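coordinates only, sequence not included:
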């Protein structure tokens, strides 16, 4: 199903949480292998932004261990139950008029719960960053943002083609082979739905400036303020960006519902089996 790009904060910790919830599987055949190795991926990605000293590395690893112990024991069983319930609905023929809003709400609840736990563990480490580390972090964040923007400006058609392929890949993962009608729905959606990376970049930079200023200046209550930025990045959104994000979210949901309502019996069996396979993987991971 299509995904809309979120604010800067969701690209980091909430990307990780989304991977944990379900989407880490898109390039890996084994959810258990991916889940058991995601902490290495997190530490590897962190080095793109800031170099921690040995003490910070130890505390960061400890925080990761605490997070995944909590997540494995308390969250994965909930994911398994949720996916099994979705599979039951598919088997009961509820895709003729699919309603994705309740599904989105439940997934967001999972993300919010995991994000809150991660923030509790990570914010004390952020408080230990030195001025030099903060400078390095700010530089790398800006560099990444500029690189992404320049890539789009050089070849926007490639970005559009990538979006089409990404949605097709995710859809095939859940449904198997797509029909020509479904491919056309995706192509039309990609062509029609506006994508404004300039506006997106502006919003990311605004969030980044606020967050870096809090980390650098450390005013009274700054960790709580930083947590507020992490939990509610939309508080800094402009009216234009907020409207664009809400519209894209609605359009993405509509595309998902159109694709699901067009599924064949074979695709519905594939979807049900995939949901149940992932549910079983989550249960196996929870018991380890």
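Ah, there it is. What you are looking at is a predicted structure, and each value in this text was computed from that prediction instead of being measured.

Ignoring the adjacent residues along the chain, who's closest to residue 203?
Beyond its immediate neighbours in the sequence, the residue positioned closest to residue 203 (CB to CB, 6 or more residues apart in numbering) is residue 241, lying 5.0 Å away. In short, each C-beta sits where N, CA and C put it, glycine included.

which residues sit against the helix or strand hosting that neighbour?
Per DSSP states H and E: residue 241 is located in helix 239-261. Under the contact criterion CB atoms under 8 Å, 6 or more residues apart in numbering, helix 239-261 has outside partners 1-6, 95-101, 104, 167, 171, 175, 182, 185-186, 189, 192-194, 196, 199-200, 202-203, 234, 237.

what does stretch 52-60 give?
For stretch 52-60, the surrounding residues in contact (CB under 8 Å, 6+ apart) are 43, 46, 122, 124-125, 128-129, 133.

switch to 10 Å and redo it
When contacts are defined by CB atoms under 10 Å, 6 or more residues apart in numbering, stretch 52-60 is touched by residues 39, 42-43, 46, 50-51, 61, 121-122, 124-126, 128-130, 133.

mind checking pLDDT for residue 285?
Here the pLDDT value assigned to residue 285 is 91.

List the buried residues for the helix or strand it falls within?
Secondary structure assignment for residue 285, by DSSP H and E: helix 265-286. Judged by neighbour count (16 or more other CB atoms under 10 Å), helix 265-286 contains these buried residues: 267-268, 270-272, 274-276, 278-279, 281-283, 285-286.

Stretch 244-263 too?
For stretch 244-263, burial by neighbour count (16+ other CB under 10 Å) applies to 244-245, 248-249, 251-253, 255-260, 263.

Low-confidence bits of the stretch 1-150 of the chain, can you list those?
The model of the stretch 1-150 of the chain has pLDDT under 70 over residues 1-30.

repeat that for 90
By pLDDT under 90, the low-scoring segments of the stretch 1-150 of the chain are 1-50, 93-105, 107-108, 110-112, 114-116, 118-123, 126, 140-150.

which residues of the stretch 1-150 of the chain fall in strands?
All residues of the stretch 1-150 of the chain lie outside strands when identified by DSSP state E, counting those that start in this stretch.

by contact count, what packs against the top helix by length along the chain?
Using DSSP state H, we find that the single longest helix of the chain is helix 101-126. The contact analysis (3 or more CB pairs under 10 Å, 6 or more residues apart in numbering; DSSP states H and E) places helix 101-126 against helix 8-21, helix 54-70, helix 76-91, helix 131-154, helix 197-217, helix 222-231, helix 239-261.

which one is residue 168 nearest to, not counting chain neighbours?
Distances taken as CB to CB, 6+ apart put residue 186 closest to residue 168, at 5.9 Å, once the chain neighbours are dropped.

Thought residue 163 was touching the one you found, still the case?
Yes - here residue 186 reaches residue 163: they are 9.1 Å apart, a contact under CB atoms under 10 Å.

ok, now how distant is residue 143 from residue 61?
From residue 143 over to residue 61 the distance is 26 Å, taken as CB to CB, to the nearest Å.

try residue 155
On the measure of CB to CB, residue 155 and residue 61 end up 39 Å apart.

What residues does the closest residue to residue 73 other than its chain neighbours make contact with?
The shortest distance from residue 73 to any non-neighbouring residue, by CB to CB, 6+ apart, is to residue 286 (6.7 Å). Neighbour list for residue 286: 71-80 [criterion: CB under 10 Å, 6+ apart].
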